[in-house]
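K.L.:
How does the following fold in three dimensions:
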Amino acid sequence: MGLLSLFSKPSPALQMLPTGSMTVDRNCRVLATTISSSCPPELLQDISSQVLRLFREARKAQMTLSELTLNFTSLQITARELRGGAIIFLTSKNSFNSPSEL
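P.N.:
Just a heads-up that it's a prediction; the model follows:
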């Protein structure tokens, strides 16, 4: 049986979507967060950099944008600009029970 285990693929781990909020400065550094530490920091960094990029591009286009909401199938991102930085709220829109409710 040990020979068969060499050819089997490891099953992918199920990862919960992040929920909570984070405050980032104008350099995309996370200052404060209520998001679980099990969430990869690279994911939070990517989300914050894209949100700040949207605010910067709106400013370049001379559009007044102080808040934005992005709706995905299972995740909602709401962000408010804070003098170059932002506060970002992540909300999971799934109907599954969280592990703490099981």
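K.L.:
Can you give me the first-to-last residue distance of stretch 61-76?
P.N.:
End-to-end distance of stretch 61-76 (Cα to Cα, to the nearest Å): 25 Å.
K.L.:
Can you list the buried residues in that stretch?
P.N.:
L68, L75 (16 or more other Cβ atoms under 10 Å). Using the backbone N, CA and C atoms, a C-beta is placed for each residue, glycine as well.
K.L.:
isn't I47 right next to T78, touching?
P.N.:
No - contact between I47 and T78 fails when scored by Cβ atoms under 8 Å: they sit 11.6 Å apart.
K.L.:
In terms of neighbours, single out the busier of these two.
P.N.:
I47 (23 against 16; other Cβ atoms under 10 Å).
K.L.:
list the contacts for F72?
P.N.:
By Cβ atoms under 8 Å, 6 or more residues apart in numbering, the contact list for F72 reads K93.
K.L.:
Select the longest helix from this protein.
P.N.:
The longest helix of the chain (DSSP state H) is helix 41-60.
K.L.:
buried set for that one?
P.N.:
Buried positions in helix 41-60, judged by neighbour count with 16+ other Cβ under 10 Å: L44, I47, S48, V51, L52, L54, F55.
K.L.:
Model confidence score at V24, please.
P.N.:
Confidence at V24, expressed as pLDDT, is 96.
K.L.:
Would you mind measuring from it to K93?
P.N.:
V24 sits at a distance of 22 Å from K93 (criterion: Cβ to Cβ, to the nearest Å).
K.L.:
do E81 as well
P.N.:
In terms of Cβ to Cβ, E81 sits 23 Å off from K93.
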